[in-house]
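# Using only what follows, build the 3D model:
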Amino acid sequence: MRLLIPTCVLLCLLAVNPLAAFENSIGMKFVSIPAGKFMMGSPVGEKDRVEHENQHEVEITRPFHMGIHEVTIGQFRKFVTEEKYITDAEKDGEGGFGYDEGTGKFEGRKPKYTWMNTGWKVTDDHPVVNVSWNDAKAFCAWLSRKEKKTYRLPTEAEWEYACRAGSKTAYHNGDDPEGLAKVGNVADGTAKATLPNLKANISALDGYVFTAPVGKFQKNAFGLFDMHGNVWEWCEDRYDSGKYSTEQLRDPTGPSAGPSRAFRSGSWDRAPGRCRSAARGGNAPAYRNFILGFRVCFGE
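Okay, here's the model as predicted:
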């Protein structure tokens, strides 16, 4: 029988004894996320709520480890180098999305835009983008072989549970979107100064126009960084744009069939409403974009 610790007690314990960290052979850091129950989705009346986020109780019955950061360019490069891996953006010759610094405009798919090039300056500590769900799964398979441990993408339920870390507000740090500048990289005043066509940005300054190196903002109560914004993160589940089931669910894994895969988090160019804990998105497994990356987890 597993003990499920009430959220209020759990958060008090975490304040005194932060969750133990684990670091693997390529420098990826993880924290243990305890089992527990939470209300998945958004309450009626939450600003920017959409209908398919109807609330329902979910129980995560098994603890798991989640990466404290999104997978970085440097970590992805190790995978590509060892496996001689070719991403979907390179394989089909269509490329990904990018930004032309000369014209100041975003561009649709072009062969020159891949995980190695988005058009703005990055370092190995920036989150990898222009990677598909297929690419993320291939990375997990490689890491599993390398580490003798089963790495995977989180389910949508695990992702939201980990993001909320006991919170019931729109964001893990409250309901005020202006407060996002402290915990994540979203469409903000910094980006607006360079990208005047940006819409629905917050006024606060987070200091980054495009993606930010991982871990530059405040972490949540579980010790996870960048759960709001920076880049959308692929999840394991198929994506269903319809309403959630209203039944209480245990360890849900999403629809059994469907053409799209889910992603969470919001991104550096998204309005705050799209970066809420309950906000969802989805697209085809081969889809890639400069606002989309991933983080990984593994079981206890």
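
# all strands of the protein, in order?
Assigned by DSSP state E, the chain shows strands spanning 21-23, 29-33, 36-40, 56-60, 64-67, 96-100, 105-110, 151-152, 232-238, 249-250, 261-264, 281-283, 292-293, 297-299.

# So for residue 169, which of the ones you listed sits nearest?
Between residue 169 and those, the shortest separation by CB to CB is 11.6 Å, and it involves strand 36-40. Any C-beta I mention is one placed from the backbone N, CA and C, and that applies to glycine too.

# Using CSV, list the CA coordinates for the closest one.
C-alpha atoms of strand 36-40 as CSV (Å, rounded to 0.1, in the frame of the first residue of the first chain):
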residue,chain,number,x,y,z
GLY,A,36,-0.2,12.0,-4.9
LYS,A,37,-3.6,13.4,-6.1
PHE,A,38,-4.5,16.7,-7.7
MET,A,39,-7.2,18.4,-9.7
MET,A,40,-6.1,18.3,-13.4
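
# Give the pairing partners of that strand; include direction for each.
In the sheet, strand 36-40 lines up against strand 56-60 (antiparallel) (DSSP bridges).

# And the contacts of the partner strand?
4, 33, 35-41, 157-158, 161, 244-252 (CB atoms under 8 Å, 6 or more residues apart in numbering).

# quick check: mean pLDDT across that strand?
Here strand 56-60 scores 96 as its mean pLDDT.

# which parts of that strand are buried?
Residues of strand 56-60 classed as buried: 56, 58-60 (neighbour count, 16 or more other CB atoms under 10 Å).

# between it and strand 29-33, how big is the angle?
For strand 56-60 against strand 29-33, the angle between stretch directions is 110 degrees (axes from the mean of the first three to the mean of the last three CA atoms, to 10 degrees).

# Restricting to C-alpha, output strand 56-60 in CSV.
Taking Å, rounded to 0.1, in the frame of the first residue of the first chain, the C-alpha atoms of strand 56-60 are listed here in CSV:
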residue,chain,number,x,y,z
HIS,A,56,-11.2,16.2,-12.8
GLU,A,57,-9.3,14.4,-10.0
VAL,A,58,-6.2,12.5,-11.0
GLU,A,59,-4.1,10.2,-8.8
ILE,A,60,-0.4,9.6,-9.6
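
# any idea how far it is from the chain center?
Centroid displacement of strand 56-60 relative to its chain, using CA atoms, centre = their mean, to the nearest Å, is 20 Å.

# and if you look at stretch 196-211?
Worked out by CA atoms, centre = their mean, stretch 196-211 lies 19 Å from the chain centre.

# what sits up against it?
In contact with stretch 196-211 (CB under 8 Å, 6+ apart) are residues 99, 118, 120, 122, 126-127, 129, 177-181, 184-195, 212, 216-217, 230-231, 268-269, 271-273.

# Which ones among those residues lie within helices?
180-181, 189-194 (DSSP state H).

# which among those end up buried?
So, by 16+ other CB under 10 Å, the buried ones in the ones in helices among the contacts of stretch 196-211 are 180-181, 189-192.

# got a list of what residue 147 touches?
By CB under 8 Å, 6+ apart, the contact set of residue 147 is 24-25.

# I'd like to know how far it sits from residue 129.
Distance from residue 147 to residue 129, counting by CB to CB, to the nearest Å: 24 Å.

# Same list (the ones in helices among the contacts of stretch 196-211) but as JSON lines, adding distance to residue 282 and pLDDT.
Formatted as JSON lines, these follow (distance: CB to CB, whole Å; pLDDT from 0 to 100):
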{"residue": "180", "distance to residue 282": "22", "pLDDT": "98"}
{"residue": "181", "distance to residue 282": "27", "pLDDT": "98"}
{"residue": "189", "distance to residue 282": "29", "pLDDT": "97"}
{"residue": "190", "distance to residue 282": "28", "pLDDT": "97"}
{"residue": "191", "distance to residue 282": "24", "pLDDT": "97"}
{"residue": "192", "distance to residue 282": "27", "pLDDT": "96"}
{"residue": "193", "distance to residue 282": "31", "pLDDT": "96"}
{"residue": "194", "distance to residue 282": "29", "pLDDT": "95"}
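
# Return the member of those residues nearest to residue 80.
Nearest member of the ones in helices among the contacts of stretch 196-211 to residue 80, counting by CB to CB, is residue 191, at 28.8 Å.
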